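**Q** Pasted the sequence and its predicted model underneath.
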Amino acid sequence: MTSTSESVTESGAARNSLPRVVLASLVGTTIEWYDFFLYGTAAALVFNTVFFPDSDPLVGTALAFGTYALGFIARPIGGLVFGHFGDRIGRKKLLMTSLIMMGVATFCIGLLPTYAQVGVWAPLMLVGLRLIQGFAVGGEWGGAVLLVAEYGTPRRRGFWASWPQVGVPAGNLLAAAVLAILAAVQSDEAFASWGWRIPFLLSAVLVALGYWIRQSVDESPVFREAQRKAAETKQEMRHIPGVEVVRRHPRGLLIGMGLRTGENIAYYVITAFSLTYAKTGGVSNSLILNALLVGAAAECAVIPLFAALSDRIGRRPVYAVGAAGMAIWGFAFFRLLDGGTTVNIVIAMVVGLVLHGAMYGPQAAFISELFTTPVRYSGVSIAYQLTSIFAGSLAPIIALELFRRSGSATPIAIYVLVTCLITLVAALAARETKGQAFEDIDAEYEAKVEARR
């Protein structure tokens, strides 16, 4: 028997709209994460001298990563606010708002004066704009993946919902590509003086493109159906969806956060800290950025493949293999970077990001299926973004401190190992949800609530 939500998503209009929805989510997510990752790459390469010139190189980099981390702290706040209104008034409007906020903040970073020009006001303004970036991206992920997940059919939800996920490494790929081109055609002095500003200013053009594409997308059919049912039964949508998530879905939140922990930490160790680590070993900016480019391109290719595999054999086994593989790969990763050759560094990046893709591909569908429709935007946003405070935001700082204290990458590899084991446990503890319609998930949950009364 076909559920109502499945019939809605499989209607002719929905099927005709799905490619457009996927494109809009992918392009918008790529642009927003380009903006967000651009900051992390610039923090590793130039912000220590532009905004914190009075510190020694490693301390200046630590301070730059500190401002980088502030963006992660703002993400859960953005997730709560955007999730609240996304569950009340819809996914699309909030996605448009987050795109504009991110674009304006990133463009303004490109216009900032340096520490040499205005003193302490330079890093203070940098911090303010980074907080806006974090707030905006906090609302982006949940809305983008839900718009696609709620349009797609249950049978292929993992595959379709993975395309916004592709936007994350694609954004990193785009940021690294622009910076790699500039590093190749400019001297280090020119890049540090003014060249780093170009990618930030370019954001204005990209955001205009993303806004134009997203305007053509309709609201999620699953959300519209939930609103219609609420109106028919004279039930109001949840007044405070964030509170409802904590009260009604505590297990889903814990599993979602566990799924994110190792994945998030490993990603930022590979894509942010490794840039600094490689530089201490004498690796050029151009080489490490090009290796990151190759790795990001490989991850873009494998994310939909792992997601499609999760539609066939389940979310849990695919995710668990990625977590277990990453737990082990951390040790090989730094050994390869220490080798210093182009081949070794490219292999380190590619394998690391492919293993990350095994987790990141099924993740959107996996976490979305942990929550019911009236609170789904809030649930996925809190689980995804709250984890980023103690995971991704601190990963480069913790890795840098471990390296400073020990002079070795082994403690960092152990750090990745432990956190990936947490993610492995979460994946194995989760209930398998592949192929279930969202309406069936909602009905199953409500039946359990009634049975407990």
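**A** Here it is on my side, so go on.

**Q** need the contact list for the nearest residue to Thr433 once chain neighbours are set aside.
**A** Excluding its sequence neighbours, the residue lying closest to Thr433 (Cβ to Cβ, 6 or more residues apart in numbering) is Glu369, at 3.8 Å. For glycine as for every other residue, the C-beta is placed from the backbone atoms N, C-alpha and C. Neighbouring residues of Glu369 by Cβ atoms under 8 Å, 6 or more residues apart in numbering: 157, 315, 433, 436, 438, 441.

**Q** how much space between the last one and Ala430?
**A** This points to Ile441. Distance of Ile441 to Ala430, computed by Cβ to Cβ, to the nearest Å: 13 Å.

**Q** for the fifth one, same thing?
**A** Using Cβ to Cβ, one obtains 17 Å as the distance from Phe438 to Ala430.

**Q** What of the second one?
**A** According to Cβ to Cβ, Arg315 stands 7 Å off from Ala430.

**Q** More neighbours: which of those two?
**A** Neighbours per residue (other Cβ atoms under 10 Å) separate Arg315 from Ala430, with Arg315 holding more: 27 against 23.

**Q** Test my guess that the more buried one contacts Arg157.
**A** No - using Cβ atoms under 8 Å, Arg315 is not in contact with Arg157, being 9.9 Å away.

**Q** shared neighbours of those two, anything?
**A** Shared contacts of Arg315 and Arg157, defined by Cβ under 8 Å, 6+ apart, comprise 365, 369, 434.

**Q** Render the CA-only coordinates of stretch 121-128 in CSV, please.
**A** Output of stretch 121-128 as CSV, limited to C-alpha atoms (Å, rounded to 0.1, in the frame of the first residue of the first chain):
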residue,chain,number,x,y,z
TRP,A,121,39.7,46.6,15.2
ALA,A,122,40.8,44.4,12.3
PRO,A,123,40.5,41.0,14.1
LEU,A,124,37.4,42.3,16.0
MET,A,125,35.6,43.0,12.7
LEU,A,126,36.8,39.6,11.4
VAL,A,127,35.2,37.9,14.4
GLY,A,128,31.9,39.7,13.8
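
**Q** Show me what counts as buried in that stretch.
**A** Across stretch 121-128, burial judged by 16 or more other Cβ atoms under 10 Å covers 122-123, 125-126.

**Q** for it, the distance to its chain's centre please.
**A** Computed by Cα atoms, centre = their mean, to the nearest Å, the chain-centroid distance of stretch 121-128 equals 24 Å.

**Q** Give the residues shared as contacts by Arg315 and Ala430.
**A** With Cβ under 8 Å, 6+ apart, Arg315 and Ala430 have common neighbours Phe366.

**Q** which residues in the stretch 301-450 of the chain form helices?
**A** Using DSSP state H, counting those that start in this stretch, the helices found in the stretch 301-450 of the chain span residues 315-339, 342-368, 376-390, 395-406, 410-429, 438-452.

**Q** between the longest one and helix 315-339, how big is the angle?
**A** Translated: helix 342-368. Orientation check (axes from the mean of the first three to the mean of the last three Cα atoms, to 10 degrees): helix 342-368 against helix 315-339 gives 160 degrees.

**Q** which non-adjacent residue is nearest Gly256?
**A** Distances taken as Cβ to Cβ, 6+ apart place Ala383 nearest to Gly256, at 2.9 Å, with adjacent residues excluded.

**Q** same question, Tyr360
**A** Setting aside the residues directly before and after it, Tyr360 is nearest to Gln165 in space (Cβ to Cβ, 6+ apart), at 5.4 Å.

**Q** helix or strand for the one you found, which one?
**A** Using DSSP states H and E, Gln165 maps to helix 157-185.

**Q** What mean pLDDT does that helix get?
**A** Confidence for helix 157-185, expressed as mean pLDDT, is 84.

**Q** Please identify the buried residues of that helix?
**A** Neighbour counts over helix 157-185 (16+ other Cβ under 10 Å) mark 157-183 as buried.

**Q** tell me what it is packed against?
**A** Applying 3 or more Cβ pairs under 8 Å, 6 or more residues apart in numbering; DSSP states H and E, one finds that helix 157-185 contacts helix 12-45, helix 121-151, helix 197-214, helix 285-313, helix 342-368.

**Q** can I get those helices in JSON lines with mean pLDDT and distance to Phe85?
**A** Converted to JSON lines, those look like this (pLDDT from 0 to 100; distance: least, Cβ to Cβ, whole Å):
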{"stretch": "helix 12-45", "mean pLDDT": "73", "distance to Phe85": "17"}
{"stretch": "helix 121-151", "mean pLDDT": "83", "distance to Phe85": "9"}
{"stretch": "helix 197-214", "mean pLDDT": "85", "distance to Phe85": "17"}
{"stretch": "helix 285-313", "mean pLDDT": "91", "distance to Phe85": "28"}
{"stretch": "helix 342-368", "mean pLDDT": "95", "distance to Phe85": "18"}
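
**Q** Redo those helices as CSV? Include distance to Val246.
**A** Below are the helices and strands packed on helix 157-185 laid out as CSV (distance: least, Cβ to Cβ, whole Å):
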stretch, distance to Val246
helix 12-45, 26
helix 121-151, 16
helix 197-214, 30
helix 285-313, 27
helix 342-368, 16
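
**Q** Out of these, the one nearest Ala272 is which?
**A** Closest approach to Ala272 among the helices and strands packed on helix 157-185 (Cβ to Cβ): helix 12-45, 4.7 Å.

**Q** Would you mind identifying the next helix or strand past the closest one?
**A** helix 47-50.

**Q** Give me the mean pLDDT for that following helix.
**A** What helix 47-50 shows for mean pLDDT is 75.

**Q** re earlier: which of the helices and strands packed on helix 157-185 sits closest to Glu244?
**A** Distance to Glu244, taken as Cβ to Cβ, is lowest for helix 121-151 among the helices and strands packed on helix 157-185, at 15.0 Å.

**Q** same for that closest one, what does it pack against?
**A** Packing partners of helix 121-151 (3+ Cβ pairs under 8 Å, 6+ apart): helix 12-45, helix 57-89, helix 91-109, helix 157-185, helix 221-232, helix 342-368, helix 376-390.

**Q** quick check: angle from that helix to helix 12-45?
**A** Helix 121-151 and helix 12-45 are oriented at 150 degrees to each other (the same axes, to 10 degrees).

**Q** re earlier: OK, contacts around the residue nearest to Gly256?
**A** With Cβ under 8 Å, 6+ apart, Ala383 has these contacts: 252-253, 256-257, 259-260, 367, 370.

**Q** one more time with 10 Å, if that's ok
**A** Contact analysis of Ala383 by Cβ atoms under 10 Å, 6 or more residues apart in numbering lists 76, 79, 142, 245, 249, 252-260, 367-368, 370-371.
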